[in-house]
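In: the sequence and its predicted three-dimensional model are supplied below.
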Amino acid sequence: MSAKTTASAPGPAPVPTPEAGQAPAEAVSPLIRGVAVLRQLTEAGGTMSLSALERTTGLARSTVDRITATLTRMGYVRLDGRDAILTPHVMELGNAYLAALRLPALLSARADRLADDLDESVSLAVADRDGIRFIHQATRRRAMSLSFRIGDLLPAERTAPGQLFATQWTDEEWRAWRARRTRDPRNRDFPTVPPPPPQSAWSDEDFTRRAARAAEENCALDDQLIEPGLVAVSVPVRDPRTARIACVANVVSHTSRHTSADLRETLLPRLRLAVATMEEDLRRAPRPEPGPSPAGLATWTGASKQELGREFIESLARGLTVLAAFDEGRAELTLTEVAKATGLARATARRALITYEHLGLVTPTPHRTFALTPQVLSLGFPPLSRTSLPRIAAPHLTTLTDAIQETTSLAVLTERGDEIQYTARATANHVMSVDIAVGTRLPAPSTSLGRLLLTDHAAAGAHALVDEELEQGVRAIAVPIHDRDGRVIAALNAATHVARRTAEECVHDILPALLSTASHIETDLHTAARFTHVPLT
């Protein structure tokens, strides 16, 4: 069931957004431009040349260079030659929204169990104006697999969740949907979905009828609306306090496995039972305790400006820190609370919030507070939501190898538990170097990597040194990689020839660099794995 984009180049921002109109006088122009760059990188899959960014955003090349330099300083982007590449650290923006929302933390385990029970893909989706965005995915590994990712935006009229959310639309929201349909009948503003079927297949009136039926039945079916072969059934998960739809649980299959009628008969009853349990979880969930606010952000941006000068756009960096002020227990913040959390002056925080409201990333609430919207997920989250540990580690290994001029590798234990498998490596440029390909398996006790993984040694500064045990002339030193819970899940090593470095030199010269690199990998891994599953291989 691959529902991949057929567009050959990034399109405009999905769904009509406020920035299409005149920006408020107090909006921060550099922040608007920085968000445009992040959105273009996201729609391009996470990588884009600087010249392509110049072309698609309409910004001057000097402006693009300054924005990417600022985003690089913040750790959201890395530059590789002429390409700008999103890094896992940018996911902290989407994490702020998902943590404030709380639904993934409360309901994702239920969705995962349902996917296992049904052996079908299960998604959780929220409304984003007249579209939907996924906030959790539990996919099945099959030849025909679902390609949508957390944060992807789909048009409401072509999904089962969209029919359910439409049951709550106001007259104004229906008018906005019809205006968008008139302007963009082929869904070109939604680059993650293929073009719709011929107009003769269904009409706007058909969606209105399907929404009315969804209201009556408290469920909705998607019979190949996204693309031929893909079918889905959805049930709303309602907020126990308001009875409004908090999110929608969606089961996706393929016509080779289920027809839409079959979904209604066989899977819908089990989906309803799972949703009832989800609603009970929401009812019983304790009030979240706010965690610590980010500290020293304003000081950091000031110091970065002092160091980098004109190449660092301080107003862009300060504006992006405002999004990170939201989190679990901080779903709604007053202007004063935003300023306090970020260390920014009230006037600076206020201008950033005005800008984000214009961009559709923040919305004011009836309680004189501000809240993040699902559109925050459009800032880098989707292309990174299915990253893996080897992909996270690869650029760090390259940097490490360049620094120490030795081949470096990442490895994990195999399921058997007595072997390691190499999953990533960066090769040093020597006439004689350690040559072990990615995918190679070796006996764990004979390698520095395996020694760490077998002992699960998590102490600070832990390392293992193996001296000519696997092969004569090879000396290797390794350090552990920990997951968010502190468990050792992988190991990182550097291998050299005994003629190049003594064992003492490995500990003195290489170990500090290994530990520093492992820390950088763990930081990216912990950010990426907060609301997504990060495969180890």
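Out: That came through fine. Numbering: from 1, shown residues only.

In: what count of nearby residues applies to residue 249?
Out: Residue 249 has 24 neighbours, counted by other CB atoms under 10 Å. Every C-beta, even on glycine, is put in place using the N, C-alpha and C of the backbone.

In: contact partners for it?
Out: 107, 111, 114, 122-124, 234-237, 271, 274-275, 278 (CB atoms under 8 Å, 6 or more residues apart in numbering).

In: what about it, distance to residue 68?
Out: Distance, residue 249 to residue 68, by CB to CB, to the nearest Å: 39 Å.

In: surely residue 246 is in a strand?
Out: Yes - according to DSSP: H, G, I helix; E, B strand; the rest coil, residue 246 belongs to a strand.

In: so who does it touch?
Out: Contacts of residue 246 by CB under 8 Å, 6+ apart are 103, 126, 237-239, 282.

In: from those residues, list just the buried residues.
Out: Buried members of the contacts of residue 246, counted by 16 or more other CB atoms under 10 Å: 103, 126, 237-238, 282.

In: from the contacts of residue 246, which is closest to residue 186?
Out: Using CB to CB, residue 126 comes nearest to residue 186 of the contacts of residue 246, at 24.7 Å.

In: check the secondary structure at the residue nearest to residue 76 when sequence neighbours are not counted for me.
Out: Using CB to CB, 6 or more residues apart in numbering and skipping residues adjacent in sequence, the residue nearest residue 76 is residue 90, 4.0 Å away. When classified by three-state DSSP, residue 90 comes out as helix.

In: who are the neighbours in contact with residue 90?
Out: Here residue 90 is in contact with 38, 71, 75-77, 379-381, 384 (CB under 8 Å, 6+ apart).

In: can I have the buried ones of those residues as a PyMOL selection?
Out: In PyMOL, a selection of the buried entries from the contacts of residue 90 looks like this (16+ other CB under 10 Å):
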select buried, resi 38+71+75+76+77+379+380+381+384
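
In: just the ones of the contacts of residue 90 in helices?
Out: 38, 71, 381, 384 (DSSP state H).

In: can you list which of the contacts of residue 249 are found in helices?
Out: Using DSSP H, the contacts of residue 249 in helices are 107, 111, 114, 271, 274-275, 278.

In: spatially central residue in this structure, please.
Out: residue 381 (3.1 Å; CA atoms, centre = their mean).

In: per-residue confidence at that residue?
Out: Note on residue 381: pLDDT of 97.

In: hang on, it packs against residue 150?
Out: Yes - with contact taken as CB atoms under 8 Å, residue 381 and residue 150 are classed as touching, separated by 6.4 Å.

In: check the contact lists of those two and give me the overlap.
Out: residue 94.

In: can you name the two of the ones in helices among the contacts of residue 90 that sit furthest apart?
Out: Taking CB to CB as the measure, the ones in helices among the contacts of residue 90 span a maximum distance of 14.9 Å, between 71 and 381.

In: could I get the ones in helices among the contacts of residue 90 as a markdown table with distance to residue 400?
Out: Listed next are the ones in helices among the contacts of residue 90 as a markdown table, based on distance: CB to CB, whole Å:
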| residue | distance to residue 400 |
| --- | --- |
| 38 | 27 |
| 71 | 23 |
| 381 | 27 |
| 384 | 21 |
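
In: residue 483: which of those is nearest?
Out: Among these, and counting by CB to CB, the member closest to residue 483 is residue 384, at 17.1 Å.

In: correct me, but that closest one touches residue 86?
Out: Yes - using CB under 8 Å, residue 384 is in contact with residue 86, at 6.2 Å.

In: overlap of the contact sets of the two?
Out: Each of residue 46 lies in contact with both residue 384 and residue 86 under the rule CB under 8 Å, 6+ apart.

In: that older thread, for residue 319, see how far away the residue nearest to the centre of the chain is.
Out: Residue 381 sits 18 Å away from residue 319, going by CB to CB.

In: which residues touch the helix or strand bottoming out on mean pLDDT in the chain?
Out: The weakest-scoring helix or strand in the chain, judged by mean pLDDT, DSSP states H and E, is helix 297-308 (a mean of 84). By CB under 8 Å, 6+ apart, the list of residues contacting helix 297-308 from outside reads 69, 73, 312, 314, 317-318, 321, 324, 342-344.
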